[in-house]
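In: This is the structure alone, sequence omitted:
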């Protein structure tokens, strides 16, 4: 734990234990979403599904990156991840993005994907609202993740016909906002 880091954040009036709890729950959401998006992506088949597969894969990889970026901050603040994966899964900030009953229903899959992203947007927006001007590192990290989650929601909502978002699929680049928080070693 980075003791000075925790002390500085606490001195700003932030309840550090509450913040750690939010970060752990969001890390759980990212890792479980990575897992469930793997299952969803595999089932995106046929003419409709294949058109969405690349976007689902980009969101899947970026969610894994979000998890990787959150873990160091959790430990810097004196937190830790649960020792049991089942416990970790069950405390996720967002409900599981499970495969719909009919795995050939691409629209149902898109609804699962967009709802997962909307939950993530709300969670990171909440953390950003708690930390501006108080915990610069957590704010910067969560703002970076929020930017990517907003793009994910936009990609999926366009496929659902909810209107244009102005966002475009990134080619060859993942986690443009979060990459600075991920260790390259």
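Out: Yep, that arrived. In this text the structure is predicted, and so the values were computed from the model without any measurement.
In: remind me, longest helix of the chain?
Out: Identified as the longest helix of the chain according to DSSP state H is helix 46-76.
In: How much space separates residue 11 from residue 139?
Out: Computed with C-beta to C-beta, to the nearest Å, the distance linking residue 11 and residue 139 is 16 Å. (Glycine included, C-beta is placed from N, CA and C.)
In: between these two, who's got more neighbours?
Out: Shown here are residue 11 and residue 139; by other C-beta atoms under 10 Å, residue 139 has more neighbours (17 against 10).
In: Low-confidence bits of the protein, can you list those?
Out: 1, 167-170, 172, 184-185 (pLDDT under 70).
In: mind running it again at 80?
Out: For the chain, the stretches flagged by pLDDT under 80 are 1-2, 164-173, 183-185.
In: quick one, strands of this protein?
Out: Along the chain, counting by DSSP state E, no stretch forms strands.
In: rewinding a little: which strands or helices does the longest helix of the chain pack on?
Out: helix 16-43, helix 106-130, helix 136-159 (3 or more C-beta pairs under 8 Å, 6 or more residues apart in numbering; DSSP states H and E).
In: so what does the second one touch, helix or strand wise?
Out: Just to be clear, that refers to helix 106-130. Taking 3+ C-beta pairs under 8 Å, 6+ apart as the contact cut, helix 106-130 packs with helix 16-43, helix 46-76, helix 136-159.
In: Residue 63 touches residue 33, doesn't it?
Out: Yes: the pair residue 63 / residue 33 is scored as a contact, 4.7 Å apart, by C-beta atoms under 8 Å.
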